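Undergrad: here's my sequence, what's the structure:
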Amino acid sequence: MLDIDSFKSVNDRFGHLAGDRTIRAFVDSVRETAGGLGPFGRIGGEEFALALPGLNACEAFECAERIRLGIGRIEIADGLGGTFGITASIGTATLGPDDRSFESLYSRADAGLYEAKRLGRNATREGGRTTVHT
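TA: Numbering: from 1, shown residues only. Model (predicted):
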């Protein structure tokens, strides 16, 4: 799960056209970094999901971190002659033997996302685990 941090403030400060440019730049950055590893789509608002089949928990976390760092390098025209940057919060989860439904996997990724936001945004957290990947 990926979420553009403080997206509402982009629309409020610079208008919806800048918000649209932000979403496009975000999507382009994720696609460029993920390199077609799996399906990617918008869930709603500024929240997206990316499936990374075949990656273990550490590989998925590392990919998410590369994506997050790439998003942090984005420069978007503000429509006023300047630019602004964005950050993202990401929650990861890996399909485990106890998962009986997509909802349990989704719920853990969402929990990781909200943990990243709770800790100050611009972070990646693995949902449902206490392990820290380095």
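Undergrad: how about the helix or strand encompassing residue 8: buried residues?
TA: In this structure, residue 8 sits in helix 7-14 according to DSSP states H and E. Using 16 or more other CB atoms under 10 Å as the burial criterion, the residues of helix 7-14 that qualify are 7, 10, 14. Quick note: C-beta positions are derived from backbone N, CA and C, even for glycine.
Undergrad: out of those residues, which comes closest to residue 65?
TA: Sorting the buried residues of helix 7-14 by distance to residue 65 puts residue 7 at the head of the list, at 20.4 Å, by CB to CB.
Undergrad: can you tell me how far the residue of the chain positioned farthest from its centre sits from residue 16?
TA: The centre of the chain is farthest from one residue, residue 81, which by CA atoms, centre = their mean lies 27.4 Å away. Taken as CB to CB, to the nearest Å, the spacing of residue 81 relative to residue 16 amounts to 18 Å.
Undergrad: for stretch 66-82, measure first residue to last.
TA: 26 Å (CA to CA, to the nearest Å).
Undergrad: now find how far off-centre it is within its chain.
TA: Average the C-alpha atoms of stretch 66-82, do the same for its chain, and the two points are 14 Å apart (CA atoms, centre = their mean, to the nearest Å).
Undergrad: neighbouring contacts of that stretch?
TA: The contact list for stretch 66-82 (CB atoms under 8 Å, 6 or more residues apart in numbering) reads 2, 4, 13-15, 17-18, 21-22, 25-26, 29-30, 32-34, 50, 83-88, 90, 122-124.
Undergrad: all good on my end, thank you.
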